[in-house]
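Participant: Build me a structure from this.
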Amino acid sequence: MTHATMTHAAHDEHPTWLRRWVFTTNHKDIGTLYLVFAALMFVFAGSQAMAFRLELFAPGIQFIDPLAFNQFVTIHGLVMVFGAVMPAFAGLANWLIPMMIGAPDMALPRINNWGFWILPFAASLLLLSIVVPGTPEAGWTMYPPLSIVGSSGKVQLGGDLLIFAVHLLGMSSILGAINIIVTILNMRAPGMSLMKLPMFCWAWLITAFLLIAAMPVLAGGVTMLLTDRHFGTSFFDAAGGGDPVLFQHIFWFFGHPEVYIIILPAFGIISHIVPAFSRKPLFGYASMIYALVGIAFLSFIVWAHHMYTTGMPLAGNLFFMYATMLIAVPTGVKIFNWVSTMWKGSLSFEAPMLCALAFIMIFTVGGFTGMMLAMAPADYQYHDTYFVVSHFHYTMGISAIYAIVGAIYFWLPKWSGRLYDERLARIQFWISIVAVNVTFFPQFFLGLAGMPRRIPDYALQFADFNMLSSLGAWVFGSAQLLFLYIVLKTVFAGRRTAEARVWDGATGLEWTLPSPAPYHSFATPPVVH
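Facilitator: Residues are numbered from 1 along each chain as shown. The predicted structure is shown next:
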């Protein structure tokens, strides 16, 4: 071995801090990078939410003018969806999937590294769009004509940076999805058939196919938007013969599967936590998988329930109404299975289980209000009001956050070898669950009373509920800072060492399998007879 080769080998064996984290192909390190990135984006987007809830505390324009308010709402939505929630679930996938299926790493480790490092550049473009001329103001849905020329009446740089950021974010998601599909299909432990996969792996396998099918549609839509802005095309410009509603069809053909791209991994997480703290295997394992597949299929044929008010024919409204209502069937199967798993189980209520129960409750509220929005005649009343804002926060926003928090509490002792402070975690949970409902439940009443969304000012009749909602939002935001403190304290200053089976012997039930967990899993190695 030459001196150069020996030096290179030594570098690989004892990499510098920078080399380890920048060039890593280790799935655990990349999972950690995703989670840290997501935490930073959560703090940024959450601080924006705190700012516009400050503006909405009382009627009148106090701190943020209407244009800046719309810019805040736009960036808040995009960063939360693409910069925080999706990378958080990608981090959990990187950490958990190889160990759950008995694989040494992800199938395509260099693509894994590349998929992550696209994200900081995409986020930089997204955040840079705030400070250059033409800050995006069309909402996270980017509807034209406002996304073409903006309120200034001319094309400016901010919208272009947003479009390129969305392209990069989509590229990162597609690379991660390909990696997950190849890993799960090709690298399972011997004897682990698809119908023995842990539920988290099933949820992510289906999510990955959704990403590959839906993301290119969004990419095509924003590319058409870009050519409308700069190259004289008129895909969405009515003045040139285009149709702004066409963009809505393209966006929501991506956008509704995106809701399930966010929530399906959460379903997988809850399907691990509930059995573990019920001391029972998951009820209805096969039916849970079929429900996930059914939801994924239906998500592609319901997109225009976001568009009842755009003048679709009656037959179109009826089709999308019935198809949307049909999603309640597989969703009800999942809720039934989780409740049945807990039925007559030996329940305990540590922080992960509390988060799982909160998820079930919050997602159920979101589902019921979704059935209200599915009704085409009623949607004319609810459309573009705070009822919709509250619904989608219950359905995918808060639900996803509780799944992520529950997953971190559940698996952090296995990742770090240290136990978190259970007492602090329960305090954080109870503050958080009360505050989040104080934040968003009043918004249902605001929406039913007719308060439109994305406005910084409102009539005096809406003042009390808005004040209540703002107070809840500030407390909820503070509770998430306490959560970050609990995690950092566990990782860097945890004193108690976690045992091999953290949750009182229930860890083996994380797999929801009739067979023993694979050797590379969190469980103890199998006994050789």
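Participant: For residue 313, grab phi and psi.
Facilitator: The phi/psi pair for residue 313 (degrees, to the nearest 10) reads phi -60, psi 160.
Participant: Please report how far it lies from residue 378.
Facilitator: 19 Å (C-beta to C-beta, to the nearest Å). Yep, even glycine has a C-beta here, placed from its N, CA and C like the rest.
Participant: Pick out whichever of these two has more residues nearby.
Facilitator: residue 378 (14 against 8; other C-beta atoms under 10 Å).
Participant: distance between stretch 408-416 and the chain's centre?
Facilitator: Using C-alpha atoms, centre = their mean, to the nearest Å, the distance from the centre of stretch 408-416 to the centre of the chain it belongs to is 19 Å.
Participant: Give the buried residues for it.
Facilitator: Taking 16 or more other C-beta atoms under 10 Å as the basis for neighbour counts, the residues of stretch 408-416 that come out buried are 408, 409, 410, 411, 412, 413, 414, 415, 416.
Participant: Then stretch 120-138?
Facilitator: With burial defined by 16+ other C-beta under 10 Å, the residues of stretch 120-138 counted as buried are 122, 123, 125, 126, 127, 129, 130, 134, 135, 136, 137, 138.
Participant: next one: phi and psi at residue 132?
Facilitator: Dihedral pair for residue 132: phi -100, psi 170, per degrees, to the nearest 10.
Participant: Apologies, that question was intended for residue 385.
Facilitator: In this entry, residue 385 is assigned phi and psi values of phi -110, psi 180 (degrees, to the nearest 10).
Participant: Tell me how far it lies from residue 48.
Facilitator: From residue 385 over to residue 48 (counting by C-beta to C-beta), the distance is 21 Å.
Participant: before we move on, what about residue 190?
Facilitator: For residue 190, the distance to residue 48 (C-beta to C-beta) stands at 49 Å.
Participant: Specify which residue of those two has the higher count of neighbours.
Facilitator: Using other C-beta under 10 Å, the more surrounded residue of residue 190 and residue 48 is residue 48, with 19 against 6.
Participant: Excluding chain neighbours, give the residue nearest to residue 182 in space.
Facilitator: Taking C-beta to C-beta, 6 or more residues apart in numbering, and ignoring the residues beside it in sequence, residue 182 has residue 107 as its nearest neighbour in space, at 4.2 Å.
Participant: OK, contacts around the one you found?
Facilitator: Contacts here follow C-beta atoms under 8 Å, 6 or more residues apart in numbering; on that basis residue 107 touches 179, 182, 183, 186, 187.
Participant: run the last query once more with 6 Å
Facilitator: Residue 107 sits next to 182, 183, 186, 187 when contact means C-beta atoms under 6 Å, 6 or more residues apart in numbering.
Participant: try residue 171
Facilitator: Neighbour list for residue 171: residue 118 [criterion: C-beta under 6 Å, 6+ apart].
Participant: What separation is there between it and residue 119?
Facilitator: 10 Å.
Participant: what is in contact with these two at once?
Facilitator: Common neighbours of residue 171 and residue 119 (C-beta under 6 Å, 6+ apart) do not exist.
Participant: Around residue 25, how many other residues sit close by?
Facilitator: Applying other C-beta under 10 Å, we find 15 residues neighbouring residue 25.
Participant: From what I see, it and residue 108 are in contact.
Facilitator: No: the pair residue 25 / residue 108 is not scored as a contact, 9.3 Å apart, by C-beta atoms under 6 Å.
Participant: need the next SSE after the helix or strand where residue 221 lies, C-terminal direction.
Facilitator: Under the criterion DSSP states H and E, the helix or strand holding residue 221 is helix 199-230. Beyond helix 199-230 on the C-terminal side, the first helix or strand identified by DSSP H and E is helix 244-278.
Participant: Going by neighbour count, list what's buried in the next helix or strand after that following helix.
Facilitator: As assigned by DSSP H and E, the chain's next helix or strand after helix 244-278 is helix 285-298. For helix 285-298, the neighbour count (16+ other C-beta under 10 Å) marks 285, 288, 289, 291, 292, 294, 295, 296, 298 as buried.
Participant: Pretty sure residue 140 sits in a helix.
Facilitator: No: the assignment for residue 140 is coil, going by DSSP: H, G, I helix; E, B strand; the rest coil, so no helix is present there.
Participant: now residue 74: how far from residue 100?
Facilitator: Plainly put, residue 74 is 37 Å away from residue 100 if you go by C-beta to C-beta.
Participant: One more: residue 184?
Facilitator: Computed as C-beta to C-beta, the residue 184 to residue 100 distance reads 9 Å.
Participant: what residues are shared contacts of those two?
Facilitator: By C-beta under 6 Å, 6+ apart, residue 184 and residue 100 have these common neighbours: residue 201.
Participant: the more surrounded of those two?
Facilitator: For residue 184 against residue 100, the residue with the higher neighbour count under other C-beta under 10 Å is residue 100, and the figures read 28 against 25.
Participant: ok so that one is a helix residue?
Facilitator: Yes: note on residue 100: a helix contains this position according to three-state DSSP.
Participant: if I read this right, it contacts residue 198, doesn't it?
Facilitator: Yes: counting by C-beta under 6 Å, a contact exists between residue 100 and residue 198, whose distance comes to 4.6 Å.
Participant: re earlier: show me the contacts of residue 107 that map onto helices.
Facilitator: Here DSSP state H is the test, and the contacts of residue 107 give 182, 183, 186 as lying in helices.
Participant: Out of those, which is nearest to residue 361?
Facilitator: residue 183 (33.0 Å; C-beta to C-beta).
Participant: gap between the residue lying closest to the closest one once chain neighbours are set aside and residue 87?
Facilitator: Leaving aside its sequence neighbours, residue 183 sits nearest to residue 107 (C-beta to C-beta, 6+ apart; 4.2 Å). From residue 107 across to residue 87, the span is 20 Å (C-beta to C-beta).
Participant: Likewise for residue 109?
Facilitator: Spatial separation of residue 109 from residue 87 under the definition C-beta to C-beta is 18 Å.
Participant: for residue 365, same thing?
Facilitator: 26 Å.
Participant: what about those two, which has more around it?
Facilitator: In this view residue 365 and residue 87 are compared by other C-beta under 10 Å, and residue 87 has more residues nearby, 27 against 19.
Participant: Was I right to think that one contacts residue 38?
Facilitator: Yes: contact between residue 87 and residue 38 holds when scored by C-beta under 6 Å: they sit 4.3 Å apart.
Participant: Touching, residue 502 and residue 415? I think so.
Facilitator: No: the pair residue 502 and residue 415 does not pass the contact test of C-beta under 6 Å, sitting 10.8 Å apart.
Participant: Residues contacting the helix or strand encompassing residue 364, please?
Facilitator: Residue 364 is part of helix 351-374, with elements assigned from DSSP H and E. Counting by C-beta under 6 Å, 6+ apart, the neighbours of helix 351-374 from elsewhere in the structure are 270, 273-274, 277, 305, 321, 324-325, 331, 338, 379, 382, 391, 394-395, 398-399, 402-403, 405-406, 409-410, 425-426, 429, 433.
Participant: Would you show me how to pick out the buried ones of those in PyMOL?
Facilitator: Here is the PyMOL command that picks out the buried ones among those, judged by 16+ other C-beta under 10 Å:
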select buried, resi 270+273+274+277+305+321+324+331+338+379+382+391+394+395+398+399+402+403+405+406+409+410+425+429+433
